[in-house]
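>>> sequence below, structure please.
(one chain, ligands or ions: 4)
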Amino acid sequence: MATVAKQKKWMFRGEGNCSLVLANCEEKSVYRFPKKNHWGKENCPDAQSKADRIHMELQSVVDYMTNIMQPLLGSYYVVLPVLVAIPDGLSEEAEREVISSRPAHRKGKEVQSYTVEPVSKSALILPDLSYVIGYEVSPTTGATISVEIKPKKAFMHSNESCSQSKNLERFQVCKFCMHQRLKAKEGQWPKTSRYCPLDLFSGDIERMCHSLLALADTPQNNFRICLNGEEVHGAWRKHDFNIVLETLFGPCTNGHNNGNSRPKNLQLLDLIIKALLSVPESNDGRTDVPLVEFPAQYCQNSSYVQQQQKHQLQTGKKFTLVKGCVLERVLSVQRMDDLDIHGVFPLYQKLEEHLQHHSEESSSWCLDGPYDYESWLGSCEKCEVQTCGNNCNLEKQDQITEAVDKVKRFLISKTMQDCSIMVALQRVSEKTSSKDSYLTDPQGRLYRFSVSIIDLDPKPFNKILTYYRQDAKISKAYREAVDKMQ
Ligand code: ATP
Ligand code: MG
Ligand code: ZN
Ligand code: MG
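Numbering: from 1, shown residues only. Ligands and ions are numbered 1, 2, ... in the order given. Take a look at the predicted model:
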């Protein structure tokens with residue numbers, strides 16, 4: 001009797017600093033397991049209390065996504081995870097099955113030992129976003145390509161003290177590009193990234209295409225392409241792009257491009273841009289955090305900007321992101337912070353000092369949860385009214401309230417600076433439903449697609465100190481690099 005190879009139950013999907021994400025092939029869902037040393041760090045005398053603590057922290061993630069992130073971004077983009085209790089041994093069994101497919105640099109960190117917190121009895125379950133979700137009817141065949149972009153901070157705070165002239169303000173260097181100098185100094189990646197977030201969020205198709213090419217060329221941990229959930233292009237597994245292109249567009253015969261003179265890699269990027277700029281028919285996100293018409297920003301470090309003649313940019317064409325597309329949502333929520341770390345850090349210190357004398361007030365501020373709508377987004381509305389008034393005359397309590405609001409906006413913005421956008425694409429021969437929307441390319445080929453935002457964990461209040469120190473390190477490394485060049 002022929003033996004049939006046992007199908008794997010678990011497959012590796014990805015991992016970050018705090019979670020290991022594995023697909024359960026039987027359930028067709030994804031488990032996000034808490035990694036060691038990142039959860040339940042509060043003093044817990046025994047394993048049970050640590051497990052309880054981790055469960056509570058994961059519940060906080062669900063609350064934050066439900067009450068803050070989903071209202072801001074919309075339920076089309078934010079799929080809520082389900083917190084589940086897992087049986088003993090499940091995470092170890094799952095990890096054993098995927099050990100060979102984990103990236104080498106991650107495995108090295110844990111020297112072959114298990115990476116999931118062994119004490120944890122909980123995990124978050126999500127749909128597998130390497131596949132297209134949300135369609136009425138799914139085709140039974142056809143490979144799926146998924147593209148993950150971790151865009152990082154996509155705007156520059158205007159820095160009054162630096163910008164003596166208007167032109168200077170337009171041509172500063174963005175945080176991401178500055179951070180690259182520190183990463184180079186610390187030897188974190190083999191190659192400096194050529195990506196600049198401001199280009200991706202520009203709404204200018206040519207500039208966006210340039211930034212996606214840069215991401216594909218130097219992905220670091222900001223870009224990844226998977227084929228049926230398995231990484232085919234990313235920081236550590238740089239395969240030939242062709243496998244992705246052939247899957248979507250068919251084999252390239254005799255150098256002909258199926259009647260299209262545009263190279264196939266650019267055709268793929270065109271599709272990704274279409275998905276990033278598409279507006280879902282029904283998305284119920286709050287619209288009162290709008291992308292106010294900000295002037296186009298250019299980063300001095302961007303290779304696109306450097307390629308262009310400066311006079312062209314200054315007389316520049318104006319682009320805005322279409323309202324309701326994923327990039328506009330992400331950027332709007334990032335923009336909720338108007339202070340940046342330099343403005344927020346003194347508020348953080350003020351609150352810390354106040355808490356030393358009034359520790360009882362801490363719980364009513366909800367800075368580390370509970371994450372309910374009223375205390376997080378309700379107060380942001382209130383904050384807007386307050387900042388219109390004359391701050392100097394506010395009583396101390398009002399100043400504290402305003403500081404709490406500003407800090408919350410900062411923390412929300414930080415979540416959005418760390419999230420990932422997942423785009424899944426599958427070519428189909430025909431529309432299976434008139435209700436669903438499809439992408440079409442210039443040849444008339446059809447694609448089902450979905451766009452989601454993942455990794456929406458709340459940032460703890462005391463992380464502001466870490467951000468402050470990190471920012472100082474970034475500035476120092478940047479100044480050193482600039483000095484060297486002069
Ligand atoms: P970071 O270090 O960026 O904070 P993290 O530890 O919070 O990351 P996530 O970003 O949530 O973890 O997940 C790690 C990776 O797992 C993602 O970058 C993505 O590649 C993959 N992933 C997460 N959720 C899903 C999902 N629902 N479907 C498919 N892949 C997923
Ligand atoms: Mg992540
Ligand atoms: Zn930049
Ligand atoms: Mg994260």
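>>> helix or strand for the nearest residue to residue 136 once chain neighbours are set aside, which one?
Among residues not flanking residue 136 along the chain, residue 433 sits closest, at 4.3 Å (C-beta to C-beta, 6 or more residues apart in numbering). (C-beta placed from N, C-alpha, C; glycine too.) Counting by DSSP states H and E, no helix or strand carries residue 433.
>>> likewise for residue 131?
Applying DSSP H and E, one finds residue 131 in no helix or strand.
>>> hmm, it is touching residue 146, no?
Yes - counting by C-beta atoms under 8 Å, residue 131 does reach residue 146; the two are 7.3 Å apart.
>>> so for those two, which residue has more residues nearby?
residue 146 (26 against 18; other C-beta atoms under 10 Å).
>>> and what about that one, helix, strand or coil?
Under DSSP: H, G, I helix; E, B strand; the rest coil, residue 146 falls in the strand class.
>>> hmm, back to that, need the overlap of contacts for residue 131 and residue 146.
Common neighbours of residue 131 and residue 146 (criterion: C-beta atoms under 8 Å, 6 or more residues apart in numbering): 229, 424.
>>> for the chain, what lies in contact range of ligand 2?
16, 455 (C-beta under 5 Å from the ion).
>>> leaving out the residues flanking it, which one is nearest to the residue nearest in space to the middle of the chain?
Most central residue of the chain, judged by C-alpha distance to the mean C-alpha position with C-alpha atoms, centre = their mean, is residue 419 at 1.9 Å. Nearest residue to residue 419, sequence neighbours excluded (C-beta to C-beta, 6+ apart): residue 455, at 5.0 Å.
>>> count residues in the vicinity of the closest residue to ligand 3 within the stretch 251-400 of the chain, would you?
Closest to ligand 3 within the stretch 251-400 of the chain is residue 299: 3.0 Å, counting by C-beta to the ion. Per other C-beta under 10 Å, the neighbour tally for residue 299 reads 24.
>>> which residues touch it?
Residue 299 is in contact with 156, 171, 172, 173, 174, 177, 196, 198, 199, 305, counting by C-beta under 8 Å, 6+ apart.
>>> for residue 241, same thing?
216, 233, 265, 268.
>>> kindly recompute the last result at 6 Å.
By C-beta atoms under 6 Å, 6 or more residues apart in numbering, the contact set of residue 241 is residue 265.
>>> likewise for residue 201?
154, 327, 331.
>>> not counting its neighbours along the chain, what's nearest it?
residue 154 (4.0 Å).
>>> tell me which element that neighbour falls in.
Using DSSP H and E, residue 154 sits within no helix or strand.
>>> and what of residue 406?
Secondary structure (DSSP H and E) places residue 406 in helix 396-418.
>>> about what we covered before: if I look at the residue nearest to residue 201, how far off is residue 197?
Distance of residue 154 to residue 197, computed by C-beta to C-beta, to the nearest Å: 4 Å.
>>> more neighbours: which of the two?
Of the pair residue 154 and residue 197, residue 197 is the one with more neighbours under other C-beta under 10 Å, namely 27 against 24.
>>> so the more buried one makes contact with residue 150?
No - Residue 197 lies out of contact with residue 150 (C-beta atoms under 6 Å); the separation is 9.8 Å.
>>> which secondary element of the chain has the worst mean pLDDT?
When the helices and strands of the chain are compared on mean pLDDT, DSSP states H and E, helix 379-388 comes out lowest with a mean of 44.
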